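Asker: predicted model, plus sequence, below.
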Amino acid sequence: AAMDVVGAAGGGGNTDAEAATGAGTAFSWRKAFAPSDGKSNGKSNGNLNGKSNGTTSTSVFSLLTDRETMRELCSALAFDRKLEANGRGGGGGAAQWSAGVEELMNEAMRTGPTIYPKTRLSHVSYVFKSKHARQVKSVVNLCGADSVKALLEGAVANLKSPDLDPADERIHECAVSEIFAGIARAITSDRFDDATRDAMWGLLVPAAELAISNVSYEFSADWADALRFCAAKRHPSRLEPLVTMVLDKVISCFADAPANGPNGSDAMDVVEETSGGVVVEAKTLGARDDYSHQSKWLRMFQALAIEFAGHIPAHPTLLALRERVMDVRVFGGVGETALGHPYKLCREMLGKTLFLLLDFGPDNQSKDQSSSIRGAISQRFRERLSELGEGDEEEEERGGCEGKVGVAIATDAETEEEKKAREGRMKARRQLRETLSHWLLTTIGAADLAILPALMMPLLPAIFEGLKDPDKEHAGLCCAVIESCSQTMDIQTSVDAEELVVMAEGLGTSSSWRIRNQLCRFAGVIKLRQVYNMSAAHLGRLESLVIGLLGDDVREVQDCARSAMGLIIAAADDEHVKTLVGSFMAMATKSLGVAKKRKRKAAKPAVPKPVDLAAAAAESEAEAAARVKAEAEAAAAKEAKEKEVQRARISSVQALSALVLAFPYDVPPAVPPAIALLARHSALSPAADAIVRHTFTDFKRTHADMWERQRDLFEREQLDAFNDIMVSPDYFC
């Protein structure tokens, strides 16, 4: 009942513009409270007690400002969720098919429509109800400043009541954030003068600081949405006390942060022992440095930054915050206490905060400032990663075994202290790279894509290096950044194209098979997406890089390069496909001819050379050493040549396999000859035989539905070559 009265008195869910115009023919409590002469004293302290808007009904005003009424109103806001969850009685309710539609429409307007749909930065709490905040705003607009203290005291009294069911603490905690949002939204409007607004901020800011400090990180999402609600389309100058408090809390909790938590990055497993997410009393404010305290204040800071970014031109407050990015106490220091934070949740929040400060918002006038700071932060990332990586070598990784990862080499001469220092550097690199990855992922997902080439090019090698990390979760995060970058980044200039191709060619010679494996996917997607942006020369170099990786020493890299090559063939035009087919067929024919020649040569019996014992006895020690060295060099050259031949053979087999698998549901004219030639490579080596059998099996599976028709496209010899591989011989009559 209290909420219904408030909705009628305050106009329910009306916006400020609707309340100001008073449009509509429905009964209005504001008009009923208006004085009979129709005169008003204008804005003062917002009260309707005869001093400002002048009401003739002091009894109604006294009822609405009564502390017990306000406490019941706060309880109604909390238990409104229970009523919705359990149903509002028997029959006569809204149809089930429309349940929640009105609520969704209200929630869609929780922030301004200019930022939310454009950037997809939606709310983070599913408990906070903006309609409750709007109802509280209506109460403050109606009753003025006298209701602020009563509302706050009523909410706190309900929360600390000994009769409160512990199961209801969560909804009462959220109700406090809704009350704060409604009050702050009301006092930042034109209804209140500056003096009254400052006085009410004096009550609200300490209450918000205490409440946010006491709540857990999980439940701080309610307060983040509350700050967005009260700051939406409001000038930042009207929220200056709140902004100052939040910024001071961020700086204070990061300034004296410990270099490492009790368990390092594993401290995410620590769970606060709270009852319903509420700490009853906080003895110290600003002295806590745990991950939950730091992360939730960063979340509050992000909520304000999102709303301030919508102002054009950018407000000086936001510009000052961008300058503070370089402050080593918070975002600029890339050591253990800032961007390379020891706690996982803080690293994620720091990366997202960098995006909001540097890459978010439609203001073009501040792009130069953001670009310079972004470049400086990127440079510090690279320098710090380089410093932490000096002196650490990683063993070459081999594929073919699940769970086998590269680890730093530990020599016998390494002392215990050197081992701890090396492990510490590896951990610091991982933490720093994780913050960088979260920044890049958020930027890729929500920022202007035009900034990606300048941002990603210098940082991609560092992200590729993260693929070698023993931590699978961290390697997966780096992989997500690389894949997202390849699918969204657009190359617009030849300078960017040259830088990208040179970087890819350098990564193609990496000793880590994981880097080469991911590079195949990256190069293949870039080749397909940038076909109209990059020159033919640059695209050809990327294609040559993928073809070169077809003969890699590691089977996983070969298969990935084959998949990328298949995509390139499937997306190419007929002329380019014809060129690739001719190249692959010639390469396969050449490797097959070399194999036959070497086979005939090996069939000839080797005639041992006679040993001249007299010459051997007369040979000096220096001559013997030179002879041994020459023989070793000849053997090494022969082994290298043999390896090159094997590499060319595997490359040709994988190239033909890519050609066959590039057309999974039809049979172009180039496929039957490729299958016949591929079948001839089956006997060259066990590795080639495995590739051929895998290719033919996959081809048979994808063409099973139309095989009765498609088999007529093969000549008899080609079909026999295919069946010789796929059909097992029958030794019984």
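Answerer: Received, thanks. From a predicted model like this one, the values you see are computed outputs, not experimental measurements.

Asker: buried residues of the helix or strand where residue 698 lies, list them for me.
Answerer: Assessed by DSSP states H and E, residue 698 sits inside helix 686-702. Buried residues in helix 686-702, counted by 16 or more other Cβ atoms under 10 Å: 688, 691, 692, 695, 696, 699. Using the backbone N, CA and C atoms, a C-beta is placed for each residue, glycine as well.

Asker: which helices and strands sit right next to it?
Answerer: helix 621-661, helix 671-680, helix 716-726 (3 or more Cβ pairs under 8 Å, 6 or more residues apart in numbering; DSSP states H and E).

Asker: now the element after it, going C-ward?
Answerer: helix 707-710.

Asker: could I get the average pLDDT for that next one?
Answerer: Mean pLDDT, helix 707-710: 90.

Asker: could you shift the numbering so residue one becomes 40, and keep it that way?
Answerer: OK, 40 is where the count begins now, so the last one is helix 746-749.

Asker: residue 481 reaches residue 391, doesn't it?
Answerer: Yes. Counting by Cβ atoms under 8 Å, residue 481 does reach residue 391; the two are 5.0 Å apart.

Asker: more neighbours, these two?
Answerer: residue 391 (23 against 20; other Cβ atoms under 10 Å).

Asker: tell me the SS of the more buried one?
Answerer: Here residue 391 is recorded as helix under DSSP: H, G, I helix; E, B strand; the rest coil.

Asker: now do it against residue 338, distance only.
Answerer: Here the criterion is Cβ to Cβ, to the nearest Å. By it, residue 391 lies 9 Å from residue 338.

Asker: same question for residue 616.
Answerer: Taking Cβ to Cβ, one finds residue 616 at 52 Å from residue 338.

Asker: got the angle for the helix holding residue 737 vs helix 710-719?
Answerer: Helix 725-741 and helix 710-719 are oriented at 150 degrees to each other (axes from the mean of the first three to the mean of the last three Cα atoms, to 10 degrees).

Asker: how about the CA coordinates for helix 725-741, as CSV?
Answerer: Output in CSV follows, covering the C-alpha atoms of helix 725-741 (Å, rounded to 0.1, in the frame of the first residue of the first chain):
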residue,chain,number,x,y,z
PRO,A,725,53.8,-44.1,-42.3
ALA,A,726,53.1,-40.4,-41.7
ALA,A,727,52.0,-39.9,-45.3
ASP,A,728,49.8,-43.0,-45.1
ALA,A,729,48.1,-41.7,-41.9
ILE,A,730,47.3,-38.4,-43.6
VAL,A,731,46.0,-40.1,-46.8
ARG,A,732,43.7,-42.4,-44.8
HIS,A,733,42.4,-39.6,-42.7
THR,A,734,41.6,-37.5,-45.8
PHE,A,735,39.9,-40.3,-47.6
THR,A,736,37.8,-41.2,-44.6
ASP,A,737,36.6,-37.7,-44.1
PHE,A,738,35.9,-37.3,-47.8
LYS,A,739,33.8,-40.5,-47.8
ARG,A,740,31.9,-39.4,-44.8
THR,A,741,31.0,-35.9,-46.2
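
Asker: quick one, that helix and helix 660-700 angle?
Answerer: 10 degrees.

Asker: helix 725-741 - what's its average pLDDT?
Answerer: 91.

Asker: now stretch 705-718
Answerer: 91.

Asker: buried residues in it?
Answerer: 706, 709, 710, 711, 712, 713, 714, 715, 716, 717, 718.

Asker: the third one and residue 523, how far apart?
Answerer: Counting by Cβ to Cβ, the gap between residue 710 and residue 523 amounts to 34 Å.

Asker: same thing with the fourth one?
Answerer: Using Cβ to Cβ, one obtains 39 Å as the distance from residue 711 to residue 523.

Asker: ok, the first one next?
Answerer: Taken as Cβ to Cβ, the spacing of residue 706 relative to residue 523 amounts to 36 Å.

Asker: one more: the fifth one?
Answerer: According to Cβ to Cβ, residue 712 stands 39 Å off from residue 523.

Asker: now do residue 631
Answerer: Where residue 523 is concerned, residue 631 sits at a distance of 41 Å (Cβ to Cβ).

Asker: and what of residue 277?
Answerer: 38 Å.

Asker: which residue of these two possesses the greater neighbour count?
Answerer: residue 277 (20 against 17).

Asker: so what's the more buried one up against?
Answerer: Counting by Cβ atoms under 8 Å, 6 or more residues apart in numbering, residue 277 makes contact with 227, 236.

Asker: gap between it and residue 178?
Answerer: From residue 277 to residue 178 the distance is 20 Å (Cβ to Cβ).

Asker: ok, residue 606 next?
Answerer: Distance of residue 606 to residue 178, computed by Cβ to Cβ: 61 Å.

Asker: what of residue 185?
Answerer: Counting by Cβ to Cβ, the gap from residue 185 to residue 178 is 11 Å.

Asker: which one of those two is surrounded by more residues?
Answerer: Per other Cβ under 10 Å, whichever of residue 185 and residue 178 has more neighbours is residue 178, with 28 against 16.

Asker: okay, and the more buried one sits in which element?
Answerer: With DSSP H and E as the test, residue 178 turns up in helix 169-182.

Asker: straight-line length of stretch 569-579, end to end?
Answerer: 12 Å (Cα to Cα, to the nearest Å).

Asker: any buried residues in that stretch, and which?
Answerer: 569, 572, 573, 577, 578.
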